[in-house]
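I'll drop the sequence and a predicted model, then ask my questions.
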Amino acid sequence: MAGKRRGRGDGGVHWDENRQRFIASVTIGYSPSGKRIVRRGSGTLTATDVDRWLASKAKTLSTRTLQELYQCLNRSVNRAMARDQVKRNVVALCSIPKGQPGRPSKSLTLAQAKSVIQAAAASSLHAYIVVSLLTGARTEEMRALTWDHVDLVGVPEADPPVPPSIEVWRSVRDGGDTKTRK
């Protein structure tokens, strides 16, 4: 809701042009005469702040997620620096701590995949299983396939050549989203 003022006592953050920094303010109470008691403060982000924040996140997040947080914060501070709202990017001075181990892979090993293919050889699902294993497509992506999505020839004379392919569509990954938080 851009442009809407905060209620009295909610506090806020604003840019002070004279001091060239952000100022936070909050109402902590009222004087006996009924006047609001407002505390203001400002601070600059330090490498120690970033290191502490990342270390606290490392207790519950994976190393990969920490890398993404770091990159997001780094880009944000770079943009603020480009707009002369900060003097330097202290995030670039920090390192990413090792996070929690990620969830174990559910991928089949090569030996397991070969066993599945051999076991399904006489089944009507053999082609489905082979295509699933070769493409890594998920069940809901495979069910939506029709022959219109399969190109068995490609365009070998194109520059560069286009290999045979299968178009996976109606995927929840189309916009980069994943099925679950993990």
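Received, thanks.

host element of the most centrally placed residue in the chain?
Nearest to the mean C-alpha position of the chain, counting by Cα atoms, centre = their mean, stands residue 68 at 5.9 Å. For residue 68, the host element (DSSP states H and E) is helix 63-82.

give me the buried positions along that helix.
66, 69-70, 73-74, 77 (16 or more other Cβ atoms under 10 Å). For every residue, glycine as well, the C-beta is placed using N, CA and C.

next: stretch 21-34.
Buried-residue list, stretch 21-34, by 16+ other Cβ under 10 Å: residue 22.

centre of this structure to the edge, which residue is at the far end?
Here the centre of the chain is the reference, and by Cα atoms, centre = their mean the most remote residue is residue 33, at 50.1 Å.

can you name the residues that contact that one?
By Cβ atoms under 8 Å, 6 or more residues apart in numbering, no residues touch residue 33.

so how far is residue 52 from it?
Distance, residue 33 to residue 52, by Cβ to Cβ, to the nearest Å: 40 Å.

determine the number of other residues adjacent to residue 163.
Neighbour count for residue 163, taken as other Cβ atoms under 10 Å: 10.

the longest strand seen in the chain pairs with which strands?
If you go by DSSP state E, the chain has its longest strand at strand 21-30. Sheet pairing of strand 21-30 (DSSP bridges) gives strand 12-16 (antiparallel), strand 36-41 (antiparallel).
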